[in-house]
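Asks: model the following, please.
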Amino acid sequence: MRSQVHLECTIRSAIEFSGVGLHSGAPVSMRLVPAPAGSGIVFRRTDLDNFEITATGRNVAKVSYATSLMRGSVLISTTEHLLSALIGYGVDNVIVEINNLEVPILDGSALPYIRAFEETGLKQQRRRREYMRILKDVEVRDGAKFIGVYPGKGYQIDYMIDFPEPIGVEGFRGDLATGDYARLIAPARTFGFKEDEAMLRNMGLIRGVSDDSAIILSRKGVENGPLRFDDEFVRHKVLDLIGDLALAGRRIEGRVVAERAGHAMHTALVQRLLKDRSAWELAHVHDEVHEPETARASVSMQPVTV
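Replies: Here you go, the predicted model:
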């Protein structure tokens, strides 16, 4: 038996995406570029003299129906799906060149990013990956909404949602460390209720939504099915959570529990963690590799009956 160190990774070559922003409806082109070890995830507004904003909790701006970053007066909006894909697939360092204020919604999931990463491939870098190892319980509560993070192995997530019908209560439990993100989380799409459309548009939101970029719901059911998973709604909330917690700057080693949470609660937990330095330590994770053929057992992500 030997120990294998986790190394940082970047993409092997540049990847281009184009589309519209979910909320702004504005056309946008985006290019992911390999970045040096230790640089993290950096957004670069090519339409504003290459102004850079690092993806970190210190730069979190308004958070309601999406997670936005801001430095100075420069904004990057709806970052969660891209950040989720990067963390979920194991991309530590990348420059995100973007020519407008909002990341393109694409199909409403992280799947287009994962497919591009699979095609391009990753490049290991000569730097050990650092993890945020949780040392003590940290919790955030807001009425019936709750999120907490606790010491534990891997990156365990236990999420429960409670929405009006036809969604109802759904639960999902899994471990990001098992490598199941691409198959079980990335394809889950964002969703919204048809009856909320007028209100959201009056707020200046969802101007770029379409049947191809979100699951549209009415009280009778899904209007643009079929669903990719029976519990696609809670899986998408897990996707959002992973993207929002990426703003801690590193993948978490611990257990995250969320109930009826959302972007505001996710990022509030990030802020709480960054302020309480005694709650975590930087650590390097080693995988035990058994030779010649015995693989380490792991627990896969799975739906939870609630």
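Asks: and the gap between G179 and S278?
Replies: 31 Å (CB to CB, to the nearest Å). To be clear about C-beta, it is placed using only N, CA and C from the backbone, and glycine gets the same treatment.
Asks: neighbour count: the two, which is higher?
Replies: G179 (14 against 7; other CB atoms under 10 Å).
Asks: distance of that one relative to I114?
Replies: 12 Å.
Asks: with K220 instead?
Replies: 32 Å.
Asks: contact partners for the residue nearest to P104 when sequence neighbours are not counted?
Replies: With sequence-adjacent residues excluded and distances taken as CB to CB, 6 or more residues apart in numbering, P104 is closest to G19, at 3.2 Å. For G19, the contact set (CB atoms under 8 Å, 6 or more residues apart in numbering) comprises 27-28, 104-106.
Asks: who does the helix or strand harbouring G19 pair up with?
Replies: With secondary structure defined by DSSP states H and E, G19 is part of strand 15-20. In the sheet, strand 15-20 lines up against strand 27-34 (antiparallel) (DSSP bridges).
Asks: same question for the partner strand, mean pLDDT?
Replies: Across strand 27-34, the average pLDDT comes to 98.
Asks: what does stretch 45-53 give?
Replies: For stretch 45-53, the per-residue pLDDT averages 98.
Asks: any idea how far S68 is from the nearest residue to R71 once chain neighbours are set aside?
Replies: Nearest residue to R71 in three dimensions, chain neighbours excluded: I53, at 4.6 Å (CB to CB, 6+ apart). Taking CB to CB as the criterion, I53 is separated from S68 by 10 Å.
Asks: overlap in contacts, the two.
Replies: I76.
Asks: tell me the buried residues in whichever strand or helix holds R141?
Replies: For R141, the host element (DSSP H and E) is strand 138-142. In terms of neighbour count (16 or more other CB atoms under 10 Å), strand 138-142 has its buried residues at 138, 140.
Asks: residues in contact with the helix or strand just after it: which ones?
Replies: Where DSSP H and E defines the elements, the next helix or strand beyond strand 138-142 is strand 145-150. Strand 145-150 is contacted by residues 134, 137-140, 252, 254-262, 265-266, 268-269, 273 when judged by CB under 8 Å, 6+ apart.
Asks: restricted to strands, list these.
Replies: 134, 138-140, 252, 254-259 (DSSP state E).
Asks: need the contact list for the residue nearest to S218 when sequence neighbours are not counted.
Replies: Sequence neighbours aside, K194 is the residue nearest to S218 in space, at 4.7 Å (criterion: CB to CB, 6+ apart). Applying CB under 8 Å, 6+ apart to K194 gives the contacts 216-218, 223.
Asks: state the phi and psi torsions of K194.
Replies: Phi and psi for K194, reported as degrees, to the nearest 10, are phi -60, psi -40.
Asks: how about the one 3 residues further on?
Replies: Listed backbone geometry of E197 is phi -60, psi -50, with angles given as degrees, to the nearest 10.
Asks: that one - how many residues pack around it?
Replies: Count around E197 with other CB under 10 Å applied: 14.
Asks: enumerate every residue touching it.
Replies: I206.
Asks: hmm, back to that, could you look up the SS state of the residue nearest to R71?
Replies: Here I53 is recorded as strand under DSSP: H, G, I helix; E, B strand; the rest coil.
Asks: any idea how far it is from A198?
Replies: From I53 to A198 the distance is 32 Å (CB to CB).
Asks: neighbour count: the two, which is higher?
Replies: Using other CB under 10 Å, the more surrounded residue of I53 and A198 is I53, with 23 against 9.
Asks: pretty sure the more buried one sits against I76.
Replies: Yes. Between I53 and I76 there is a contact under CB atoms under 8 Å: 5.5 Å.
Asks: what do the two both touch?
Replies: What both I53 and I76 touch, as defined by CB under 8 Å, 6+ apart, is the set 43, 45, 69-70.
Asks: ok, so of the residues you listed, who is nearest K153?
Replies: L69 (30.3 Å; CB to CB).
Asks: wait, a helix at that closest one?
Replies: No. The assignment for L69, made by three-state DSSP, is strand rather than a helix.
Asks: so what's Q124 bridging to?
Replies: Beta-bridge partners, per DSSP bridges, of Q124: C9.
Asks: in contact with it, which residues are there?
Replies: Q124 touches 7-9, counting by CB under 8 Å, 6+ apart.
Asks: and the residue nearest the centre of the chain, which of the three is it?
Replies: For the chain, the residue nearest the mean C-alpha position is G243 (1.8 Å; CA atoms, centre = their mean). Here G243 is recorded as helix under three-state DSSP.
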